[in-house]
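>>> just to be clear, the model below is a prediction. Sequence and coordinates:
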Amino acid sequence: MSHKTIIGGTLYDVKAGKCLVDGTAYSIQKGRTLVDGTGEDIVFSSVSPILDENDWATIREVSDAGQGSNYWSIGDRKAITLNGTVGHLSLSDYTTYAFIIGFNHNASIEGENRIHFQFAKTALTGGTGVCLCDSSYNSTVSTTGYFSMNSSRTNSGGWASSQMRTNICWMSLSNYSGTIIAVIPAALRAVLKSVTKYTDNTANGGGSTASYVTATTDYFFLLSEFEVFGSISYGNTNEKNKQAQYAYYSAGNSKIKHKHDGTSTAAFWWLRSPYASNSGTFVFVNNVGTIARIDAVCSLGFAPGFCV
């Protein structure tokens, strides 16, 4: 492992008691270094090129410095153990692996210095893609808290107003009981970064209307049709003007995910894009990895993204 220091938000190598800043070696004494005659505090961390060997605080330091892609690669994974209840799904010491889907993805819109992750894989290497599925998977529901987009057959209000966002993902780092934020490790919760996501947040069968595409601020979010597929078949075509396909999916990686509690079964998993030409459906990825749409009241797989 190499040692690093952050000066003014930039990560520099620390070697043999010296810190290189713009090619000049400065002595390090008692946790400070002189830069152009000014004493600067040094935050030491040990950064491993193997993502899973780093704690979340170190990953956050690297992300803050905008250096994630200099250490890790798209698709790299880190273990997460989930405990507690999200919606109607109870999890006890369930270990899964979040994987990197983008570095500074769509940064001018969504925020600088962010590493984007998605749930989940079954193993640190190899394994298969999975999504969380509750007891009503692939059934219609009429109450909130299941992994449906809404508890009635409507997409009015789009992603912003969906019960998936307001009851399962949640929008802040307080009062998050029963949401995905409640079941992640405290160390991950402490380093989450908000992200600005644009989606059709009017929908209701209004077609591809540009003004319908507006911003939300999210800590956990579903991916959109364009972010996964790089094209739009069912959603508001104006979403692509504010979105970018994630590097993980543009590289041709599989879009197929399996049930977390039955990994031999390929699953349907939700995207956040409403179907533009219908008032009751959202878009999802089917069990062969292609795009489809289905009623908002169906409970499907939950494969959220988040940023550090």
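All right, it came through fine. On a predicted model such as this, the values are computed, not experimentally measured, just so you know.
>>> going by C-alpha atoms from here, please, whenever you check contacts or count neighbours.
Will do.
>>> where's Phe282, which helix or strand?
In this structure, Phe282 sits in strand 281-285 according to DSSP states H and E.
>>> partner strands of that strand, parallel or antiparallel?
In the sheet, strand 281-285 lines up against strand 269-274 (antiparallel), strand 291-295 (antiparallel) (DSSP bridges).
>>> other residues contacting the first one?
For strand 269-274, the surrounding residues in contact (Cα atoms under 8 Å, 6 or more residues apart in numbering) are 131, 155, 158-159, 199-200, 203, 221-225, 234-236, 257, 281-286, 300-303.
>>> one more: stretch 203-218?
Against stretch 203-218 from outside (Cα under 8 Å, 6+ apart): 154-158, 160, 170-172, 194-202, 235-239, 274-280.
>>> centre of the chain versus that stretch, how much separation?
21 Å (Cα atoms, centre = their mean, to the nearest Å).
>>> ok, now stretch 81-100?
Centroid separation for stretch 81-100 versus its chain: 15 Å, with Cα atoms, centre = their mean.
>>> ends of that stretch, how far apart?
17 Å (Cα to Cα, to the nearest Å).
>>> buried sites along that stretch?
82-89, 95-100 (16 or more other Cα atoms under 10 Å).
>>> those residues in strands, which ones?
Those of those mapping onto strands are 82-86, 89, 95-100, per DSSP state E.
>>> one step back: and the strands paired with strand 281-285 as CSV, adding mean pLDDT?
Converted to CSV, those look like this (pLDDT from 0 to 100):
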stretch, mean pLDDT
strand 269-274, 98
strand 291-295, 98
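>>> most tightly packed of those?
Greatest average neighbour count among the strands paired with strand 281-285 goes to strand 269-274 (a mean of 30), per mean count of other Cα atoms under 10 Å.
>>> measure stretch 301-308 end to end?
23 Å.
>>> quick one: average confidence on it?
The average pLDDT for stretch 301-308 rounds to 98.
>>> kindly report the same for stretch 100-115.
Mean predicted lDDT for stretch 100-115 stands at 98.
>>> the stretch 201-308 of the chain: strands as residue ranges?
Secondary structure of the stretch 201-308 of the chain (DSSP state E, counting those that start in this stretch): strands at 213-218, 220-221, 257-259, 262-267, 269-274, 281-285, 291-295, 305-307.
>>> out of those, flag the one nearest Gly66.
The minimum distance between Gly66 and those falls on strand 305-307, with 12.9 Å, by Cα to Cα.
>>> now for that closest one, which elements pack on it?
With contacts defined as 3 or more Cα pairs under 8 Å, 6 or more residues apart in numbering; DSSP states H and E, strand 305-307 has these neighbours: strand 115-121, strand 220-221.
>>> what pairs with whichever helix or strand comes after the first one, and is each one parallel or antiparallel?
The one in question is strand 115-121. Downstream of strand 115-121, the first helix or strand assigned by DSSP H and E is strand 130-131. Each strand paired with strand 130-131, and its direction, by DSSP bridges: strand 257-259 (parallel).
>>> out of the helices and strands in this structure, which is least certain?
Lowest mean confidence among the helices and strands of the chain (mean pLDDT, DSSP states H and E): strand 24-29, at a mean of 55.
>>> relative to its centre, which residue of the protein is most distant?
Ranked by distance from the centre of the chain (Cα atoms, centre = their mean), the top residue is Gly37, with 41.1 Å.
>>> out of the helices and strands packed on strand 305-307, deepest packed?
strand 220-221 (a mean of 27).
>>> average pLDDT across that one?
What strand 220-221 shows for mean pLDDT is 98.
>>> can you list contacts of it?
By Cα under 8 Å, 6+ apart, strand 220-221 touches 165, 169-171, 180-181, 272, 304-307.
>>> name the residues of the helix or strand where Thr58 lies that are buried.
Using DSSP H and E, Thr58 maps to helix 56-64. Under the neighbour-count criterion of 16+ other Cα under 10 Å, helix 56-64 has 56, 58-64 buried.
>>> and the first helix or strand past it going along the chain, which residues are buried?
Counting by DSSP H and E, the next helix or strand C-terminal to helix 56-64 is helix 68-71. Within helix 68-71, the residues scored as buried using 16+ other Cα under 10 Å are Gly68.
>>> restricting to C-alpha, output helix 68-71 in PDB.
Extracted as PDB, the C-alpha positions of helix 68-71 are listed here (Å, rounded to 0.1, in the frame of the first residue of the first chain):
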ATOM      1  CA  GLY A  68     -11.000   7.500  -7.600                       C
ATOM      2  CA  SER A  69     -10.200   6.500 -11.200                       C
ATOM      3  CA  ASN A  70      -6.400   6.600 -10.400                       C
ATOM      4  CA  TYR A  71      -6.800   3.800  -7.900                       C
END
